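S.K.: show me the folded form of this:
(one chain, ligands or ions: 2)
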Amino acid sequence: MISELERNDQSKIDELEQSFNYVLHDIKKDFLNNPFSHYLLFIENNKIIGFINYYLIYDRIEIADFNVLEDYQNKKVGTKLLEFLINKYQNNINNITLEVRSDNYKAINLYEKMRFIKKAIRKNYYDGVDGILMERFMDKKDIYVLGIESSCDETSFSIVKNGTEEIATVISSQIDIHKDYGGVVPEIASRAHVKNVTFVLEECLKKANMSMNEIDMVAVANGPGLIGSLLVGLEAAKTICWLYNKPLIPVHHIAGHIYANNLVKRLSFPLICLVISGGHTELVYMPKDYSFQKLGSTLDDAVGECYDKVGKVIGVAYPAGPIVDKLAHEGSHNYNLPIPLNDDSYNFSFSGLKSAVINLAHNEQMRGNEINKKDLATSFQNVVVDVLTRKTLMAINEKNVHNLILAGGVSANLGIREGFKKLCDARGINYTFPDIKYCTDNAAMIAAAGYYAYLDGRKADYTLNAFSTMELK
Ligand code: KG4
Ligand code: ZN
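M.R.: Ligands and ions are numbered 1, 2, ... in the order given. Reported below is the predicted structural model:
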């Protein structure tokens, strides 16, 4: 049984003082006279076996002491006390804070499981041992996540509320800078990020009409991507967290793309996600929030890369995806192209298809024939839609799911959307596609994902690094 200690319950006060004799001084001096101070007792067979002493200060709680009798440890008494406290005040307070010795790993572990996050270190707080200040936000409080994305050629900041509601997003794209080179030049990209980063942040806060103090945490895409570009966003994130004392949440870039869907409609689980972007083609199974199981991926080129290459062949500027898509809607399927990796694995291969398009264009040129750009775009896109829908359907059937989402830059493709819509409608599968403007890189998706990463207990310290390749897990 868990109950509050009443100030007039002399027998319980006496028992508490005897069982945990060090609290004696505090009870007499503080608890009896201080209306903010409370004791939550865990009572078993009429015996107090554990307690939490906390201060309820208007809209927040500070835990001052927390103890369980030695004989009753490892029996979840502490967890139950904390759960009780959290449930009791769920709707009335904003946050709970506590201090713990930095060498008390067991306690830190328990608090982290209960979604407390490390907020600050207090040097030598416990006579030579550091203290860690930990904090847990209550669910009723709105949580504002500042997202940062800089993994390729977009510098972007965004503020998202509770993982679902976009408050403000600013994206500074470098497409014009890289256009002349036919692709992103990494060194130029990182320099442009450095130049843009503070302006984009300022603009984002201004657009949201918020100050940094109103932000609860910072989520940053720390990979995969161009290392020089990623590092700019990461350093910005660390600096903000350090200056304003905010938790730092690392987000996998692809998790961000996936959670772009959460800004359209709350994800339903279990689900299958087809990730199609400039750098990725992956089938992912998600049994619940922020849990990713990769089923298969491309063995060579990503589908976005293939679009860009085909665009080059038919003389379309980078990034070619949207224009190839448009042409595909205007032509007919008159060219015969091979269906790539038409097997029953979850993997993809696009380099063969890419070469087939290049060879076809080359052969026609040798024969002095003009290629029909629209027809080639249609033929190419049909093959892509065919293989993507077929493999995704295999995964949907095998995992027996009823929810499908698309993610990544190529999910803006209207032909691909039509293909999946048809597939899902025919089978009664729920589907969500990201908002077209959030298919390509942006920080709103990183902020949305960051909220669920935080709920999953993922947070980082200042040793966090950026990685050009990184497993989604
Ligand atoms: O997701 P993203 O911004 O980059 C990575 O994270 O890799 O995706 C960029 C890719 C580019 O290859 C671009 O050509 C492609 O997405 N893309 C499209 C469309 N819009 C963008 N591909 C096909 N159809 C589109 N409508
Ligand atoms: Zn991306």
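
S.K.: okay, CA-based contacts and neighbour counts for the rest of this
M.R.: OK.

S.K.: show me what I63 is bridged to.
M.R.: On the basis of DSSP bridges, I63 is bridged to Y54, L98.

S.K.: burial count for it?
M.R.: 19 (other C-alpha atoms under 10 Å).

S.K.: same check, this time on the one 10 residues further on
M.R.: By the other C-alpha under 10 Å criterion, the neighbourhood of Q73 contains 13 residues.

S.K.: go on, M1?
M.R.: Neighbours of M1 (other C-alpha under 10 Å): 12.

S.K.: measure it to ligand 1 for me?
M.R.: M1 sits 52 Å away from ligand 1, going by C-alpha to the nearest ligand atom, to the nearest Å.

S.K.: that residue is in contact with I43, isn't it?
M.R.: Yes: using C-alpha atoms under 8 Å, M1 is in contact with I43, at 5.1 Å.

S.K.: residues in contact with whichever residue of the stretch 51-200 of the chain sits closest to ligand 1?
M.R.: Residue nearest to ligand 1 within the stretch 51-200 of the chain (C-alpha to the nearest ligand atom): C152, separated by 7.3 Å. Counting by C-alpha atoms under 8 Å, 6 or more residues apart in numbering, C152 touches V184, P186, A189, G225, L226, S229, L230, D441.

S.K.: turn those into CSV, including distance to I86, pLDDT and secondary structure.
M.R.: Listed next are the contacts of C152 as CSV, based on distance: C-alpha to C-alpha, whole Å; pLDDT from 0 to 100; DSSP: H, G, I helix; E, B strand; the rest coil:
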residue, distance to I86, pLDDT, secondary structure
V184, 49, 76, coil
P186, 47, 81, helix
A189, 46, 81, helix
G225, 39, 94, coil
L226, 42, 94, coil
S229, 41, 96, helix
L230, 37, 97, helix
D441, 37, 94, coil
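
S.K.: quick one, grab the pLDDT at V185.
M.R.: V185 carries a pLDDT value of 74.

S.K.: now it. Its backbone dihedrals?
M.R.: Main-chain torsions, V185, degrees, to the nearest 10: phi -100, psi 110.

S.K.: neighbours of it, how many?
M.R.: V185: 15 surrounding residues under other C-alpha under 10 Å.

S.K.: wait, it touches K179, no?
M.R.: No: counting by C-alpha under 8 Å, V185 does not reach K179; the two are 9.7 Å apart.

S.K.: quick check: M445 vs K391, distance?
M.R.: 25 Å (C-alpha to C-alpha, to the nearest Å).

S.K.: between the two, which one's more packed in?
M.R.: Using other C-alpha under 10 Å, the more surrounded residue of M445 and K391 is M445, with 36 against 20.

S.K.: in three-state terms, label the more buried one for me.
M.R.: Under DSSP: H, G, I helix; E, B strand; the rest coil, the three-state class of M445 is helix.

S.K.: show me what contacts it?
M.R.: M445 sits next to G147, G256, H257, I258, Y259, A260, L263, Y438 when contact means C-alpha under 8 Å, 6+ apart.

S.K.: so how far is V284 from it?
M.R.: Distance from M445 to V284, counting by C-alpha to C-alpha: 17 Å.

S.K.: could you do I48 as well?
M.R.: 49 Å.

S.K.: ok, now P319?
M.R.: Counting by C-alpha to C-alpha - P319 and V284 are separated by 25 Å.

S.K.: more crowded one of I48 and V284?
M.R.: Using other C-alpha under 10 Å as the criterion, I48 and V284 rank with V284 on top: 24 against 19.

S.K.: find the nearest non-adjacent residue to that one, please.
M.R.: Leaving aside its sequence neighbours, V284 sits nearest to K294 (C-alpha to C-alpha, 6 or more residues apart in numbering; 4.5 Å).

S.K.: so which bits of the stretch 151-300 of the chain are right by ligand 1?
M.R.: Residues of the stretch 151-300 of the chain lying near ligand 1 by C-alpha under 6 Å from any ligand atom: S277, G278, G279, H280.

S.K.: drop anything exposed from these.
M.R.: With burial judged by 16 or more other C-alpha atoms under 10 Å, the buried subset of those is S277, G278, G279, H280.

S.K.: and these as TSV, adding pLDDT?
M.R.: Shown next, in TSV, are these (pLDDT from 0 to 100):
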residue	pLDDT
S277	93
G278	88
G279	88
H280	92
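
S.K.: tell me which residues in the strand or helix carrying L234 are buried?
M.R.: Applying DSSP states H and E as the criterion places L234 in helix 227-244. Of the residues in helix 227-244, 227-238, 240-241 count as buried by neighbour count, 16+ other C-alpha under 10 Å.

S.K.: try stretch 47-55
M.R.: Along stretch 47-55, these residues count as buried under the neighbour rule (16+ other C-alpha under 10 Å): I48, I49, G50, F51, I52, N53, Y54, Y55.

S.K.: these: which ones sit near ligand 1?
M.R.: When contact is defined as C-alpha under 6 Å from any ligand atom, these do not meet ligand 1 at all.

S.K.: the helices in the protein, which residues?
M.R.: With helices called from DSSP state H, the chain shows them at 10-19, 24-26, 77-89, 105-113, 175-179, 186-208, 227-244, 253-259, 303-313, 321-328, 351-366, 373-399, 414-427, 443-455.

S.K.: which of those sits most buried?
M.R.: Among these, the stretch with the highest mean neighbour count (mean count of other C-alpha atoms under 10 Å) is helix 443-455, at a mean of 30.

S.K.: report the angle between it and helix 105-113.
M.R.: For helix 443-455 against helix 105-113, the angle by axes from the mean of the first three to the mean of the last three C-alpha atoms, to 10 degrees is 130 degrees.

S.K.: how far off centre is helix 443-455?
M.R.: Put simply, helix 443-455 sits 4 Å off its chain's centre (C-alpha atoms, centre = their mean, to the nearest Å).

S.K.: ok, it near ligand 1 or not?
M.R.: No: residues of helix 443-455 contacting ligand 1 under C-alpha under 6 Å from any ligand atom: none, with a closest distance of 11.1 Å.
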